[in-house]
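Student: need the 3D shape of this:
(one chain, ligands or ions: 1)
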Amino acid sequence: MTDIPKLEWKGVSKRFDGPVLDGLDLSVAAGRSLVIIGGSGQGKSVTIKVAMGLVRPDAGQVLVDGEDLVGVSGASRRKLFERIGVLFQGAALFDSLSVWENVAFRLINADGVPRKEAKARAVEALGRVHLGAHVADSYPSELSGGMQKRVGLARAVVANPEIIFFDEPTTGLDPITSAAINELIVDQVKGLGCTAVSITHDLASARTIGDEIAMLHAGKIVWRGAPAELDRTDNPYVRQFVDGRADGPMASTV
Ligand SMILES: Nc1ncnc2c1ncn2[C@@H]1O[C@H](COP(=O)(O)OP(=O)(O)OP(=O)(O)O)[C@@H](O)[C@H]1O
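Tutor: Predicted coordinates for the structure are as follows:
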């Protein structure tokens, strides 16, 4: 047993027009699934973008197994990010590529896997999210929103990552399809034994996929607990968010 977290944000600050992340401290143990909730514009996307190397923080560290990924470049950067998978909001599939080419994109373009082997691995990953081999040669525009999310999930897991980020995984889906996607996420995360960090507005999704929930407000974590605690805590931020009230410590951004 080691007590080094799998992933840790340490004193991370980021400003754009104003402060977004303000000395953010957050950590996730290996094999755990953490869901970050919070109001619009509170910095959830920036938090995971910093950990995906897409946004460089002004201050602080983002540690993977204790190794800071901020400012790492070249081969070390590639090695670090090889261990990370992402399910982007809206699945973010390339329309001009077939389903299997989308799933295998990274295998072919970053990892140099031959196309035949990459296709076999893509078909296997599609199977893991209950999409048959016949879907592999179709195009994203031919699929429903729920199927597109499954393809995005297959792409996130195809390289057997150690950490997966889920960016609003159920946005735009009906409740039944959302529930199916949530179950697939749990299956995949538990099956791979990986560490997961998700951001969502969808509390049903947060409760299903999270071992722990953290609430972000004004660039800091204001509460963290198990899903069942969401209904018991008297933390005013959590209460306002869970009860869906306009009045409370968080002003509406409308
Ligand atoms: N590239 C950028 N350039 C300028 N401002 C940015 C950029 N990215 C994010 N911001 C600002 O940072 C703040 C936090 O944005 P972020 O997208 O992280 O919020 P969020 O909590 O994910 O919100 P939502 O739930 O609405 O997606 C917002 O004010 C946003 O306008």
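
Student: show me what contacts whichever residue of the stretch 51-200 of the chain sits closest to the ligand?
Tutor: In the stretch 51-200 of the chain, the residue that lies nearest the ligand is I199 (6.3 Å; CB to the nearest ligand atom). (Glycine included, C-beta is placed from N, CA and C.) Shown in contact with I199 (CB atoms under 8 Å, 6 or more residues apart in numbering): V35, I36, I37, K44, S45, T47, I48, F166, D167, E168.

Student: also V186?
Tutor: V186 makes contact with S33, T208, I209, according to CB under 8 Å, 6+ apart.

Student: how about 10 Å then?
Tutor: Each residue near V186 by CB atoms under 10 Å, 6 or more residues apart in numbering is listed here: S33, A196, T208, I209, G210, D211.

Student: which one of those residues is nearest F94?
Tutor: The shortest gap between F94 and any of these belongs to A196, at 24.1 Å (CB to CB).

Student: just give the nearest non-adjacent residue to the closest one, would you?
Tutor: Spatial nearest neighbour of A196, excluding adjacent residues (CB to CB, 6 or more residues apart in numbering): S33 at 4.1 Å.

Student: wait, isn't the one you found in contact with T200?
Tutor: No. With contact defined as CB atoms under 10 Å, S33 does not reach T200; the gap is 11.8 Å.

Student: which positions within the helix or strand bottoming out on mean pLDDT in the chain qualify as buried?
Tutor: Of all the helices and strands that make up the chain, helix 74-81 has the lowest average by mean pLDDT, DSSP states H and E, namely a mean of 82. By neighbour count on 16 or more other CB atoms under 10 Å, the buried set for helix 74-81 is L80, F81.

Student: partners of the next helix or strand after it in the sheet?
Tutor: Counting by DSSP states H and E, the next helix or strand C-terminal to helix 74-81 is strand 84-87. Strand pairing for strand 84-87, using DSSP bridges, gives strand 163-167 (parallel).

Student: just for the stretch 1-150 of the chain, where's the confidence low?
Tutor: Scanning the stretch 1-150 of the chain for pLDDT under 70 picks out the ranges 1-2, 90-91.

Student: who in this protein is up against the ligand?
Tutor: F16, V20, G38, S40, G41, Q42, G43, K44, S45, V46 (CB under 6 Å from any ligand atom).

Student: may I ask which of these has the most neighbours?
Tutor: Of all those, the highest neighbour tally under other CB atoms under 10 Å goes to G43, namely 26 neighbours.

Student: identify the residue nearest that residue in space, chain neighbours excluded?
Tutor: Using CB to CB, 6+ apart, the closest residue to G43 is V20 (4.6 Å).
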